[in-house]
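> fold the following, please.
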Amino acid sequence: MSATKTAKPLVPLEAAVQIAVIDRLRILGVWTCHLQNEGRIEGTAHQRMIRGARRKAQGVRTGAPDLLCVHRDGRVAWLEVKRPGYRPSDVKPAQVECHEDLRERNQHVAIVTSQDEAVEALRGFGWRI
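Predicted coordinates for the structure are as follows:
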């Protein structure tokens, strides 16, 4: 008997989900911007330390949500995009802290895994889109 492998279903990468979310929200008239807030810093340890300090001074906020969304009437919401099937442990402590900080400032924040969830979240914040 030969063992057959069961193919795992393909799960879209977070970047693909984010692109789909942005496309859908823009069609619905939502101004959407990705915050390029982190990312790998190249170079020696010393260069990374200097570049990291420079980024922090320039306003980089660890844990900031991926997308800033602005409704036509000026309301703002923040979306953290995760790939489908994410686990709560996939949300980094810095993200949890930042999301809580934004909510304390009366900001709407949601974690979404699809364009439908993004639309649902914004509608849940009272947006008519």
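
> number of residues surrounding the residue nearest to L102 when sequence neighbours are not counted?
Closest residue in space to L102, ignoring its immediate chain neighbours: V109 at 5.1 Å, by C-beta to C-beta, 6 or more residues apart in numbering. Placement of C-beta: from N, CA and C, glycine included. Other residues within reach of V109, judged by other C-beta atoms under 10 Å, total 18.

> start the count at 297, not 1, going forward
From this message on, residue numbering opens at 297, which makes the last subject V405.

> state the distance from V405 to R344.
In this structure, V405 and R344 are 29 Å apart, going by C-beta to C-beta, to the nearest Å.

> same question for R371.
In this view, R371 and R344 are 38 Å apart by C-beta to C-beta.

> same question, Y382
Here the criterion is C-beta to C-beta. By it, Y382 lies 28 Å from R344.

> of these two, who's got more company?
Counted by other C-beta under 10 Å, Y382 and R344 do not tie: Y382 has more neighbours, with 16 against 13.

> give me the three-state assignment for the more buried one.
Y382 carries the three-state label coil when classified by DSSP: H, G, I helix; E, B strand; the rest coil.

> same deal with I407?
Secondary structure, three-state DSSP: I407 is strand.

> quick one: it and E376 touch, right?
Yes - at 4.6 Å, I407 and E376 qualify as touching, with contact defined as C-beta atoms under 8 Å.

> quick one: common contacting residues for these two?
The overlap between the contact sets of I407 and E376 (C-beta atoms under 8 Å, 6 or more residues apart in numbering) consists of V387.

> relative to the whole chain's centre, how far out is stretch 345-365?
The chain centroid and the centroid of stretch 345-365 are separated by 14 Å, computed with C-alpha atoms, centre = their mean, to the nearest Å.

> next: stretch 317-325.
Taking C-alpha atoms, centre = their mean, one finds stretch 317-325 lying 15 Å from the centre of the chain it belongs to.
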